[in-house]
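[1] please find the sequence and the predicted model below.
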Amino acid sequence: MQGGAIDGWPTFSHDNYVIKHNVAGMLSMVNAGKGGSSGMSDSRFLIQLPDDAGFLDGRYEAFGRVTSGMDVVRKIESVKVVQPKNAPVDVVKIEAAGELKE
């Protein structure tokens, strides 16, 4: 599931690809290049839905994980979409997010 916007946001380089995409709920920066090849990102992000998405490793930089509320993520996943861009019929907004400090 992808979110964010590209209008007017500068790109920035990826720091590393250390965190693996091996659990549902991983948060990753979307690669700004075609097919995930540029090593640059903008404001777009994704929330990983399958348990294992190793095909994203080395292409999309994981930076966090959904620690609670996966039920909400699954509800967003079920929102009706239209083609060709797989865009939701109704606007979906994340109104609050935060950083978990241990």
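    Arrived safely.

[2] when you work out contacts or count neighbours from here on, use the C-alpha atoms and nothing else.
    Noted.

[3] which of the helices or strands spans the most centrally placed residue in the chain?
    With distances taken as Cα atoms, centre = their mean, Leu46 lies nearest the centre of the chain, 0.8 Å away. Taking DSSP states H and E as the criterion, Leu46 maps to strand 40-47.

[4] dump that strand to CSV, restricted to CA.
    Extracted C-alpha coordinates of strand 40-47, given in CSV (Å, rounded to 0.1, in the frame of the first residue of the first chain):
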residue,chain,number,x,y,z
MET,A,40,16.7,8.0,-4.5
SER,A,41,13.4,8.7,-2.7
ASP,A,42,10.8,11.5,-2.4
SER,A,43,7.9,11.8,0.1
ARG,A,44,6.2,8.6,-1.0
PHE,A,45,6.2,5.6,1.3
LEU,A,46,4.7,2.1,1.5
ILE,A,47,3.3,-0.1,4.1
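
[5] and it, what does it pack against?
    Applying 3 or more Cα pairs under 8 Å, 6 or more residues apart in numbering; DSSP states H and E, we find strand 40-47 packed against strand 2-3, strand 12-13, strand 26-31.

[6] what's the angle between the last one and strand 40-47?
    What separates the directions of strand 26-31 and strand 40-47 is an angle of 150 degrees, with axes from the mean of the first three to the mean of the last three Cα atoms, to 10 degrees.

[7] hang on, the earlier thing: listing partners with orientation, what would you give for the strand holding Leu46?
    In the sheet, strand 40-47 lines up against strand 2-3 (antiparallel), strand 12-13 (antiparallel), strand 26-31 (antiparallel) (DSSP bridges).

[8] which stretches in the protein count as helices?
    In the chain, the helices defined using DSSP state H lie at 70-77.
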